[in-house]
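Novice: this is a predicted model, with the sequence first.
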Amino acid sequence: MTYKSEIGKFGEDFACEYLVEKGYKIIERNFRKPYGELDIIIMAPDKTLVFIEVKTVRGVKQQTSDTISAEEQLTMAKLKKLQKTASLYANHRIELINDKKGWRIDLLALTIIDKSVLVNHYENI
């Protein structure tokens with residue numbers, strides 16, 4: 001396993017624990033198709049179907065101009081693939097969609113600093 005994949009797996013595992021603590025129910029992880037991947041699929045406490053994109057970086061205490069944040073790792077191209085994949089998933093799993101709540105895509109941006117993790121949860125990106 002490469003360093004990048006180890007950080008990614010840690011981030012996704014951490015994200016699942018974080019989301020469960022917040023009252024979300026994990027439906028599926030690492031849904032992969034040729035057209036894209038969904039990191040985590042969850043049901044929010046309010047019954048909204050949520051597709052979670054997890055971006056994890058090992059941070060430094062002070063940002064520099066060449067430091068890329070977890071948020072900056074989500075490019076427009078990646079977001080478009082996420083939207084397409086989420087839409088196709090939602091259309092095939094219509095029974096998971098609450099008529100009043102629908103579905104959304106969230107970003108969990110994780111920054112590992114020393115032995116702690118800074119979590120930024122962006123809803124409906």
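Specialist: Good, I have the coordinates.
Novice: CA only for contacts and neighbour counts going forward, please
Specialist: Will do.
Novice: okay but residue 112 is in contact with residue 118, surely?
Specialist: Yes. Using C-alpha atoms under 8 Å, residue 112 is in contact with residue 118, at 6.4 Å.
Novice: for those two, indicate the residue with more neighbours.
Specialist: Using other C-alpha atoms under 10 Å, the more surrounded residue of residue 112 and residue 118 is residue 112, with 18 against 12.
Novice: ok, which stretches of the protein are strands?
Specialist: 25-33, 36-43, 49-58, 103-113, 116-122 (DSSP state E).
Novice: of all the ones you listed, which lies closest to residue 84?
Specialist: For the strands of the chain, the distance to residue 84 is smallest for strand 36-43, at 7.9 Å, taking C-alpha to C-alpha.
Novice: for the record, mean pLDDT for the closest one?
Specialist: Summarised as a single mean, pLDDT over strand 36-43 is 97.
Novice: list the neighbouring strands of that strand plus their orientation.
Specialist: Strand pairing for strand 36-43, determined by DSSP bridges: strand 25-33 (antiparallel), strand 49-58 (antiparallel).
Novice: low-confidence regions, this structure specifically.
Specialist: Where the chain drops to pLDDT under 70, the residues are 60-66.
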